[in-house]
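Asks: Quick one, structure for this:
(2 chains)
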Number of protein chains: 2
Amino acid sequence: MAIITPSLPKGTRDFLPQQMVKRQFVIKTVQEIFELYGYEPLETPSLEKLKVLSGQYGDEGEKLTFKVLRRGTGLEELLSGREEFVIKDYGQLVDEALRYDLTVPLSRVVAMHQSDITLPFKRYQIQPVWRADRPQKGRYREFYQCDIDAVGTDSRLADAETIAIVYSVLSTLGFKSFKIRINNRGLLNGILEFAGVEENQRTPVLIAIDKLDKIGFAGVEREILAAGLGSGKVKEILDILALEGPAETLLAEVSMRCQGVAAVNSGVEELTEVLKYLQLLGVPEDKVKLDFYLVRGLGYYTGLIQESVITEPKIGSLTGGGRYDRLIGKFLGRDIPACGVSFGIERIIDVMDELNLFPEIKTKTEILVSTFDASTQASSIAFAQKARNAGIKAETYFSASKLKKQFTLADRKHIPYVIVIGPDEMQQGRVTLKNMATAEQIGLSEEEAIAYLLKQRH
Amino acid sequence: MAIITPSLPKGTRDFLPQQMVKRQFVIKTVQEIFELYGYEPLETPSLEKLKVLSGQYGDEGEKLTFKVLRRGTGLEELLSGREEFVIKDYGQLVDEALRYDLTVPLSRVVAMHQSDITLPFKRYQIQPVWRADRPQKGRYREFYQCDIDAVGTDSRLADAETIAIVYSVLSTLGFKSFKIRINNRGLLNGILEFAGVEENQRTPVLIAIDKLDKIGFAGVEREILAAGLGSGKVKEILDILALEGPAETLLAEVSMRCQGVAAVNSGVEELTEVLKYLQLLGVPEDKVKLDFYLVRGLGYYTGLIQESVITEPKIGSLTGGGRYDRLIGKFLGRDIPACGVSFGIERIIDVMDELNLFPEIKTKTEILVSTFDASTQASSIAFAQKARNAGIKAETYFSASKLKKQFTLADRKHIPYVIVIGPDEMQQGRVTLKNMATAEQIGLSEEEAIAYLLKQRH
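Replies: Next up, the predicted model:
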């Protein structure tokens, strides 16, 4: 039999145990925090009908969607020697595709399960999505998305809770120097209105502002001028956007400057309410930064927007989200207010690796119970089982062999402790416990060893 | 905008929170038990190269594999008006497919990551697989598989541990009347050898024996006779297979009857060793049943085989597995001994539902903190946060409204307790806690309420 040299599809990854331990750590942490705020789990199929996805992600998204070949197309015959196959209709080949994000499935779920869902529907979803993108560092064709969304509420408290959750997740994972930037799309529109930017001119202006981090104020100015705005207006806008300081000062300032613009007033009011809630939710003031130039793309946001950033390493945002009151009801034909945040879980894992934020564990296994020789094997097996009954994760060395070899296995598997039960230990009902990091060995009764191991946990 | 009536791809499911709570409960339970035995997590991509999957699952499997359309085939033009498209080469359209099982990916991982994997490699993997099967009750096109495998060991202790894990999983999940049937493929072959069945006749005989549960002894006898065996041989075989009794008695009996057949002797020896280990691992004798007529398909098993069954409801096996020493190395070109078990997690969940084995929880959220009115909202938010800091899962009602409406929400979301903080409670720094099941209300200090809620957990 010829041996196939196996390989992975482009842009996909195997996660071996050492990486899985990290991924599970992050996923467990976010999941627990989501649940503390009353968010509940949802899972949707990896496959979605093409008609559900179609038109949702723009032309680019359409191209990046992985389509799945229909069953029974007859195409298989090509494999068995048929020479050509004429396709007249795309739908004949394909009518399903792989999940591209978690938002369209959420909209679909809300429409399809109305009688089983109670609003506000607060769900989290942590599942892979697929994009036929050109793979590069940090960009994969299969990657996990991790979203929380509160569907069916226009409450500012819901907005504030999503920010509190971001704060809790990042600080629990060990991030120190992060900021959560916030803004309000209504306010942003109000500022443009105040400067006299017509509705039909707003899109290019917002696109320009969205690039501030990349092209600086001078660049933004150039682009807005190119969009046909007078330089007076541009100056007025940029002067406001460039304001820096504590949120309250900024809100007072923008209110004063844009007096009488209703959109500004209500934007200021919304942000003020959110800030009040953040205080009650215990989010430190210095972690939240009001940035009038935060846009978060042209997408679908209608109210509060947010993203979290870190200063080191230089990398895009770790989380991002906001309120989007006109998206989730698209399969229902009526608007349903909603807000949410997406956690860039792959990036969070990469950055945590870079910043050494992961706990020192490389395996969950706590002990290797060695097998000294055939005469003591039964004692080793029985001790391993006793340890397991106490909740200790124990691997048993499967057969008697040189202890050195067994220690090497523990080392290679990063198992922190090895238990040895030789004839002496067996006779006395005791064990020797070796700490693999320090090479220290101590003699203990079985019960003492189990108590000792349980104490080593954090 | 026309509204699309959304639907799900055939044979796929959304898992709403109530179902997810159950699924997470089962997955967490199995995962913890796997880890107690030193099994470590692995995840592989949903997509695999067609060349890796090809020829692994037979013709039927080939048909049931979901192929993914290659990017940039030009096919998209069909969508935009091009009239036909001639395909001359299947590979031009397709070179990847969705994961069909977890065993081939494991073989691929073992071949591709030799330097990162230490043998014995004990991994668990819990991920969806996809099969373009005709959907029917209990059979889906996307479903989770849940496998453990110990790769790179021929130890009987490894075999025994997989049985102990099945026992631990099923009893922890609350199954009572289950049995783990075991047998040994070497022994089975030895019995056929003893009865003088030639190597080339063995396959049809094993196929017949494999159907015993369905067609009974008379049926098996008919089929074996049809395969061309003499009636004397058939009787000899069936007499042995029909033996019932304690494992030790059966092993003694088969040894006596088949004296001098090496395959029988070594099969008996292996089973004896496994039974000895099972005792040390604390698996009750009455849960394990030696069944000489257990075959587990013609597949790839070479040694111990096992499956677990329950008496009610009548349903196939919940778990199944065995030793397969000539499969896992196929991408390496050399044999690597291995054993494992697959947990039919979808079926286990279905049966647990039917047998009412799930704990009474329908949501993980523990309290709804109501919002009495605008004047008390801050106290409600602050209390919710205090509860969360104590680890209590708390949803806050987002805006002041009639308490009755808020109680209804808790009811519909199955949240067991509601906290009310009205003006009186606020003034006294106390809360009212309502038990939604009994409608009982008690007044408590904030700290008492938190302590009370923590005590309600199991």
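Asks: Quick check, A:A164 in contact with A:Q279.
Replies: No: between A:A164 and A:Q279 there is no contact under C-beta atoms under 8 Å: 10.3 Å. C-beta: built from backbone N, CA, C; applies to glycine.
Asks: Would you mind telling me which of the two has more residues around it?
Replies: A:A164 (25 against 16; other C-beta atoms under 10 Å in any protein chain shown).
Asks: element containing the more buried one, please.
Replies: Applying DSSP states H and E as the criterion places A:A164 in helix A:156-172.
Asks: and that helix, what does it pack onto?
Replies: helix A:17-36, strand A:142-151, strand A:178-184, helix A:262-280, strand A:304-310, strand A:319-323, strand A:338-343 (3 or more C-beta pairs under 8 Å, 6 or more residues apart in numbering or on different chains; DSSP states H and E).
Asks: Is it possible to get a markdown table of the ones you listed that adds mean pLDDT and distance to A:G422?
Replies: Shown next, in a markdown table, are those (pLDDT from 0 to 100; distance: least, C-beta to C-beta, whole Å):
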| stretch | mean pLDDT | distance to A:G422 |
| --- | --- | --- |
| helix A:17-36 | 97 | 30 |
| strand A:142-151 | 98 | 46 |
| strand A:178-184 | 97 | 52 |
| helix A:262-280 | 97 | 61 |
| strand A:304-310 | 97 | 52 |
| strand A:319-323 | 97 | 53 |
| strand A:338-343 | 98 | 50 |
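Asks: want to throw the ones you listed into a markdown table with distance to B:G11?
Replies: Formatted as a markdown table, these follow (distance: least, C-beta to C-beta, whole Å):
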| stretch | distance to B:G11 |
| --- | --- |
| helix A:17-36 | 27 |
| strand A:142-151 | 21 |
| strand A:178-184 | 42 |
| helix A:262-280 | 44 |
| strand A:304-310 | 38 |
| strand A:319-323 | 33 |
| strand A:338-343 | 29 |
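Asks: So what would you say the end-to-end distance of stretch A:433-449 is?
Replies: 7 Å (C-alpha to C-alpha, to the nearest Å).
Asks: swap in stretch A:45-57?
Replies: Its start and end residues considered, stretch A:45-57 measures 18 Å (C-alpha to C-alpha).
Asks: Report the residue spans of the stretch 51-200 of chain A with pLDDT below the cut-off.
Replies: Across the stretch 51-200 of chain A, the stretches falling below the confidence threshold (pLDDT under 70) are A:74, A:76-83.
Asks: Nearest to chain B within it, name that residue for me.
Replies: For the stretch 51-200 of chain A, the residue closest to chain B is A:S155, as judged by C-beta to the nearest C-beta, at 3.5 Å.
Asks: For the nearest residue to that residue once chain neighbours are set aside, give me phi and psi.
Replies: In this structure, A:S155 finds its nearest non-sequential neighbour in B:F398, 3.5 Å apart by C-beta to C-beta, 6 or more residues apart in numbering or on different chains. The phi and psi torsions at B:F398 (degrees, to the nearest 10) take the values phi -70, psi -20.
Asks: ok, B:F398 - contacts?
Replies: A:P120, A:T153, A:S155, A:L157, A:A158, B:T371 (C-beta atoms under 8 Å, 6 or more residues apart in numbering or on different chains).
Asks: Columns neighbour count and distance to A:V205 on top of those residues, output as TSV?
Replies: Formatted as TSV, the contacts of B:F398 follow (neighbours: other C-beta atoms under 10 Å in any protein chain shown; distance: C-beta to C-beta, whole Å):
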residue	neighbour count	distance to A:V205
A:P120	24	33
A:T153	21	30
A:S155	19	30
A:L157	24	31
A:A158	27	29
B:T371	25	39
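Asks: Which single residue in the stretch 1-150 of chain A comes nearest to chain B?
Replies: A:G38 (2.8 Å).
Asks: Give the closest residue to that residue in space, chain neighbours not counted.
Replies: Closest to A:G38 by C-beta to C-beta, 6+ apart is B:E395, at 2.8 Å.
Asks: tell me the pLDDT at that neighbour?
Replies: B:E395 is assigned 98 on the pLDDT scale.
Asks: Okay, and the beta partners of it?
Replies: B:L368 (DSSP bridges).
Asks: you'd agree it is up against B:S370?
Replies: No: taking contacts as C-beta under 8 Å, B:E395 lies outside contact range of B:S370: 9.9 Å.
Asks: can you give me the helices in the stretch 1-150 of chain A?
Replies: Taking DSSP state H, counting those that start in this stretch to define them, one finds helices in the stretch 1-150 of chain A at A:17-36, A:50-53, A:58-64, A:76-79, A:90-93, A:103-112.
Asks: tell me the most buried of these?
Replies: Neighbour counts (mean count of other C-beta atoms under 10 Å in any protein chain shown) averaged over each of those peak at helix A:103-112, with a mean of 22.
Asks: can you list contacts of that helix?
Replies: With C-beta under 8 Å, 6+ apart, helix A:103-112 has contacts from A:42, A:44, A:48, A:52-53, A:56-57, A:99, A:117, A:121, A:123, A:125, A:147, A:149, A:151, A:327-332, A:336, B:6-8, B:14, B:16.
Asks: Just the buried residues of those.
Replies: Buried members of the contacts of helix A:103-112, scored by 16 or more other C-beta atoms under 10 Å in any protein chain shown, are A:42, A:44, A:48, A:52-53, A:56-57, A:99, A:117, A:121, A:123, A:125, A:147, A:149, A:151, A:327-331, A:336, B:6, B:8, B:14, B:16.
Asks: Nothing else from me, thank you.
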